[in-house]
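Chemist: Give me the fold of what follows.
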Amino acid sequence: MLHMNYVVQLPPQDSGLQLGIARFHNLHIDAKRQDHSRLFRRNAVCIVNPENGAWIIRYAMGSGGVKGVCKDSVGLDYDGVDALGIRFNQPAQLVIRRARRREVIRWLATYPDLPVRLGIQLGLLGAVLGLLGAGLGIMGLAIGLISLL
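Modeler: Down below sits the predicted model:
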């Protein structure tokens, strides 16, 4: 778990809903996935603003030469800052940790971009209907076996 005090604006090539990245100082990133005390590169992280309870999911990346990203700051796009209710280059107490699977699914199911949101919602509907069908099939098989006895 990391605590960040400032938010730096990402350049246009790193911004936008389609990318959804957060840039951290390279000290906080472990590209080889060996040190579990650091964030893994391209893994989902949950960024929480404890002042208002707002949270977002972004993918962790190294600083990538973005000016202003230091040990106690994070680089975010405008949409992320807006969702967290904070401002660029202003003091903000943010908590960053690895995202749990259910948080990622919840985030994607309510994602602002319609194709992503619709795809996840249809996938979840398919999974629920598949489990329902499997349950009904097992019940039918069990009833059939019991009637043979």
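Chemist: And the pLDDT for residue 1?
Modeler: If you check residue 1, the pLDDT there is 86.
Chemist: again with residue 109
Modeler: With respect to pLDDT, residue 109 scores 89.
Chemist: end-to-end on stretch 11-22?
Modeler: Chord length of stretch 11-22, first to last residue, is 11 Å (C-alpha to C-alpha, to the nearest Å).
Chemist: buried sites along the lengthiest helix in the chain?
Modeler: Counting residues, the longest helix found in the chain (DSSP state H) is helix 114-148. Within helix 114-148, the residues that count as buried by 16 or more other C-beta atoms under 10 Å are 116, 120. (Glycine included, C-beta is placed from N, CA and C.)
Chemist: number of nearby residues for residue 60?
Modeler: Each residue near residue 60 was counted by other C-beta atoms under 10 Å, and the total is 25.
Chemist: Leaving out chain neighbours, which residue sits closest to it?
Modeler: Leaving out its chain neighbours, the residue that sits closest to residue 60 by C-beta to C-beta, 6 or more residues apart in numbering is residue 39, at 4.3 Å.
Chemist: what ranges do the helices span in the protein?
Modeler: 78-84, 101-109, 114-148.
Chemist: ok, residue 68 - contacts?
Modeler: Contacts for residue 68 were tallied using C-beta atoms under 8 Å, 6 or more residues apart in numbering; they are 8, 75, 89.
Chemist: And the pLDDT at the last one?
Modeler: According to the predicted model, the pLDDT of residue 89 comes to 86.
Chemist: That one and residue 5 touch, don't they?
Modeler: No. Contact criterion C-beta atoms under 8 Å: residue 89 and residue 5 do not qualify, at 11.0 Å.
Chemist: The two - which one has more neighbours?
Modeler: residue 5 (14 against 11).
Chemist: Distance of that one relative to residue 125?
Modeler: Between residue 5 and residue 125 the computed distance is 41 Å (C-beta to C-beta, to the nearest Å).
Chemist: Residue 78 too?
Modeler: Where residue 125 is concerned, residue 78 sits at a distance of 32 Å (C-beta to C-beta).
Chemist: Not counting sequence-adjacent ones, nearest residue to the residue most central in space within the chain?
Modeler: For the chain, the residue nearest the mean C-alpha position is residue 57 (2.8 Å; C-alpha atoms, centre = their mean). Distances taken as C-beta to C-beta, 6+ apart put residue 107 closest to residue 57, at 4.1 Å, once the chain neighbours are dropped.
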